[in-house]
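**Q** after the sequence you'll find the predicted model.
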Amino acid sequence: MLIVALGDTHIPDREKVLNKHILNFIREEVPNAILFTGDATDFSTLFFLRTLGEVYAVKGNMDETDAPPMHSLKFGNKKIMLIHGHQFGRGNYDSLTKYAHGHDILVCGHTHKQEHFVKDNILVVNPGSATGAPSGPVKGLASFTTIVIKGDVKVTEYVVKENGIQSKGSKSKD
(Lines give C-alpha, C1' and ligand atoms only; values in the text may rest on other atoms or scores of the structure.)
Protein backbone atom coordinates (compact mmCIF):
# COMPACT_ATOMS: atom_id res chain seq x y z
CA MET A 1 0.00 0.00 0.00
CA LEU A 2 1.39 3.38 -1.07
CA ILE A 3 0.44 6.54 0.82
CA VAL A 4 1.57 10.04 -0.17
CA ALA A 5 1.71 12.54 2.70
CA LEU A 6 1.78 16.25 1.89
CA GLY A 7 0.40 19.55 3.11
CA ASP A 8 1.04 23.14 4.12
CA THR A 9 0.51 24.37 0.55
CA HIS A 10 -0.91 27.79 1.54
CA ILE A 11 -2.49 28.34 -1.88
CA PRO A 12 -3.27 31.09 -2.90
CA ASP A 13 -2.06 33.30 -0.04
CA ARG A 14 1.65 32.32 -0.02
CA GLU A 15 2.05 30.22 -3.18
CA LYS A 16 0.16 30.03 -6.47
CA VAL A 17 0.06 26.32 -7.46
CA LEU A 18 1.04 22.84 -6.39
CA ASN A 19 4.47 21.78 -7.58
CA LYS A 20 4.27 20.08 -11.01
CA HIS A 21 6.90 17.47 -10.11
CA ILE A 22 4.88 16.36 -7.09
CA LEU A 23 1.72 16.19 -9.19
CA ASN A 24 3.50 14.10 -11.83
CA PHE A 25 4.79 11.75 -9.13
CA ILE A 26 1.26 11.24 -7.79
CA ARG A 27 -0.14 10.67 -11.30
CA GLU A 28 2.58 8.13 -12.15
CA GLU A 29 2.66 6.24 -8.84
CA VAL A 30 -1.14 6.21 -8.23
CA PRO A 31 -1.10 6.05 -4.42
CA ASN A 32 -3.80 4.21 -2.48
CA ALA A 33 -4.31 7.34 -0.38
CA ILE A 34 -3.18 10.95 -0.12
CA LEU A 35 -2.90 12.29 3.43
CA PHE A 36 -3.10 16.09 3.51
CA THR A 37 -1.78 17.65 6.75
CA GLY A 38 -3.74 20.91 6.48
CA ASP A 39 -3.22 24.52 5.50
CA ALA A 40 -4.61 24.16 2.01
CA THR A 41 -5.98 27.63 2.82
CA ASP A 42 -9.02 27.22 0.54
CA PHE A 43 -10.97 24.41 -1.09
CA SER A 44 -9.32 24.53 -4.53
CA THR A 45 -6.23 22.52 -3.55
CA LEU A 46 -8.28 19.76 -1.94
CA PHE A 47 -10.74 19.65 -4.85
CA PHE A 48 -7.83 19.26 -7.25
CA LEU A 49 -6.11 16.56 -5.17
CA ARG A 50 -9.36 14.59 -5.11
CA THR A 51 -9.13 14.30 -8.91
CA LEU A 52 -5.88 12.37 -8.36
CA GLY A 53 -7.06 9.87 -5.75
CA GLU A 54 -8.54 9.18 -2.33
CA VAL A 55 -7.74 12.19 -0.11
CA TYR A 56 -7.92 12.40 3.67
CA ALA A 57 -7.44 15.99 4.79
CA VAL A 58 -7.42 17.79 8.12
CA LYS A 59 -7.97 21.44 8.89
CA GLY A 60 -4.92 23.57 9.55
CA ASN A 61 -4.77 26.83 11.46
CA MET A 62 -4.93 28.87 8.21
CA ASP A 63 -7.73 26.89 6.54
CA GLU A 64 -11.12 28.10 5.40
CA THR A 65 -12.16 24.50 4.72
CA ASP A 66 -14.57 22.31 6.61
CA ALA A 67 -12.07 19.47 6.97
CA PRO A 68 -12.06 17.77 10.38
CA PRO A 69 -9.31 18.55 12.90
CA MET A 70 -8.11 14.92 13.00
CA HIS A 71 -8.51 11.53 11.31
CA SER A 72 -7.84 8.14 12.83
CA LEU A 73 -7.28 5.79 9.89
CA LYS A 74 -6.37 2.14 9.36
CA PHE A 75 -4.23 1.08 6.40
CA GLY A 76 -3.21 -2.56 6.28
CA ASN A 77 -2.17 -3.51 9.79
CA LYS A 78 -1.22 0.04 10.78
CA LYS A 79 -3.28 2.67 12.57
CA ILE A 80 -2.50 6.24 11.46
CA MET A 81 -3.43 9.53 13.08
CA LEU A 82 -3.56 12.51 10.71
CA ILE A 83 -3.53 15.96 12.34
CA HIS A 84 -2.18 19.39 11.43
CA GLY A 85 -0.45 19.84 14.78
CA HIS A 86 -1.10 23.50 15.57
CA GLN A 87 -3.45 22.42 18.34
CA PHE A 88 -0.41 21.57 20.48
CA GLY A 89 1.98 24.33 19.38
CA ARG A 90 4.61 24.35 16.65
CA GLY A 91 6.57 21.09 16.66
CA ASN A 92 5.35 19.93 20.07
CA TYR A 93 5.91 16.26 19.34
CA ASP A 94 5.75 15.30 23.03
CA SER A 95 2.08 16.34 23.21
CA LEU A 96 1.29 15.10 19.70
CA THR A 97 2.57 11.58 20.37
CA LYS A 98 0.70 11.46 23.69
CA TYR A 99 -2.47 12.44 21.81
CA ALA A 100 -1.75 9.79 19.16
CA HIS A 101 -1.40 7.02 21.77
CA GLY A 102 -2.63 3.74 20.32
CA HIS A 103 -1.58 4.65 16.77
CA ASP A 104 1.42 3.26 14.92
CA ILE A 105 2.02 6.32 12.77
CA LEU A 106 1.41 10.05 13.31
CA VAL A 107 1.27 12.20 10.17
CA CYS A 108 1.31 15.92 10.95
CA GLY A 109 2.39 19.28 9.58
CA HIS A 110 2.36 22.94 10.64
CA THR A 111 6.16 23.36 10.96
CA HIS A 112 6.88 23.16 7.19
CA LYS A 113 9.94 21.12 8.23
CA GLN A 114 10.17 17.71 6.60
CA GLU A 115 11.22 15.02 9.03
CA HIS A 116 10.42 11.57 10.31
CA PHE A 117 11.50 9.78 13.47
CA VAL A 118 10.20 7.42 16.14
CA LYS A 119 8.98 8.91 19.42
CA ASP A 120 7.17 7.01 22.15
CA ASN A 121 7.05 3.98 19.79
CA ILE A 122 5.08 6.02 17.23
CA LEU A 123 6.50 6.74 13.79
CA VAL A 124 6.15 10.51 13.33
CA VAL A 125 6.01 11.75 9.72
CA ASN A 126 5.98 15.44 8.83
CA PRO A 127 6.08 15.89 5.03
CA GLY A 128 6.99 19.60 5.16
CA SER A 129 5.37 21.96 2.64
CA ALA A 130 4.35 20.67 -0.80
CA THR A 131 4.90 24.15 -2.24
CA GLY A 132 7.90 25.19 -0.17
CA ALA A 133 5.69 27.90 1.35
CA PRO A 134 7.62 29.88 3.93
CA SER A 135 7.02 29.47 7.63
CA GLY A 136 8.87 32.58 8.63
CA PRO A 137 11.09 34.69 6.40
CA VAL A 138 12.71 31.92 4.33
CA LYS A 139 11.05 29.94 1.52
CA GLY A 140 11.96 26.27 1.64
CA LEU A 141 12.07 23.48 -0.90
CA ALA A 142 8.79 21.82 -1.84
CA SER A 143 8.62 18.41 -0.19
CA PHE A 144 6.44 15.37 0.43
CA THR A 145 6.82 11.93 1.95
CA THR A 146 5.71 8.45 0.94
CA ILE A 147 4.71 5.72 3.36
CA VAL A 148 4.68 2.15 2.04
CA ILE A 149 2.94 -0.42 4.23
CA LYS A 150 3.72 -4.08 3.52
CA GLY A 151 3.77 -5.62 6.98
CA ASP A 152 6.60 -3.26 7.86
CA VAL A 153 6.59 0.45 7.07
CA LYS A 154 9.00 2.16 4.67
CA VAL A 155 9.21 5.97 4.73
CA THR A 156 10.85 7.94 1.92
CA GLU A 157 11.31 11.71 1.99
CA TYR A 158 11.38 13.66 -1.28
CA VAL A 159 12.36 17.24 -2.03
CA VAL A 160 11.91 19.15 -5.26
CA LYS A 161 14.96 20.74 -6.83
CA GLU A 162 15.15 22.61 -10.14
CA ASN A 163 15.67 19.41 -12.13
CA GLY A 164 12.92 17.41 -10.43
CA ILE A 165 12.28 15.24 -7.39
CA GLN A 166 15.13 13.83 -5.34
CA SER A 167 14.81 11.19 -2.65
CA LYS A 168 16.47 12.05 0.65
CA GLY A 169 16.56 8.33 1.48
CA SER A 170 14.36 5.64 2.95
CA LYS A 171 14.02 4.02 6.35
CA SER A 172 11.95 1.00 7.40
CA LYS A 173 10.22 0.27 10.70
CA ASP A 174 8.33 -2.81 11.91
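**A** That came through, no problem.
**Q** quick one, strands of the protein?
**A** 2-6, 33-36, 55-57, 70-75, 78-83, 105-107, 115-119, 122-126, 143-150, 152-161, 164-173 (DSSP state E).
**Q** and the ones you listed as CSV, adding mean pLDDT, distance to Asn24 and mean neighbour count?
**A** C-betas here are computed from N, CA, C, even on glycine. Listed next are the strands of the chain as CSV, based on pLDDT from 0 to 100; distance: least, Cβ to Cβ, whole Å; neighbours: other Cβ atoms under 10 Å:
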stretch, mean pLDDT, distance to Asn24, mean neighbour count
strand 2-6, 98, 12, 26
strand 33-36, 98, 14, 24
strand 55-57, 97, 17, 21
strand 70-75, 97, 24, 15
strand 78-83, 98, 24, 23
strand 105-107, 98, 22, 27
strand 115-119, 95, 23, 15
strand 122-126, 97, 22, 24
strand 143-150, 96, 12, 21
strand 152-161, 93, 11, 18
strand 164-173, 80, 8, 12
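**Q** angle of the longest helix seen in the chain against strand 2-6?
**A** Among the segments of the chain that qualify as a helix by DSSP state H, the longest is helix 20-29. With axes from the mean of the first three to the mean of the last three Cα atoms, to 10 degrees defining the directions, helix 20-29 sits at 160 degrees from strand 2-6.
**Q** what's helix 20-29 in contact with?
**A** Contacts to helix 20-29, defined as Cβ atoms under 8 Å, 6 or more residues apart in numbering, come from residues 2, 4, 6, 34, 52-53, 130, 142, 144, 146, 158, 160, 164-165.
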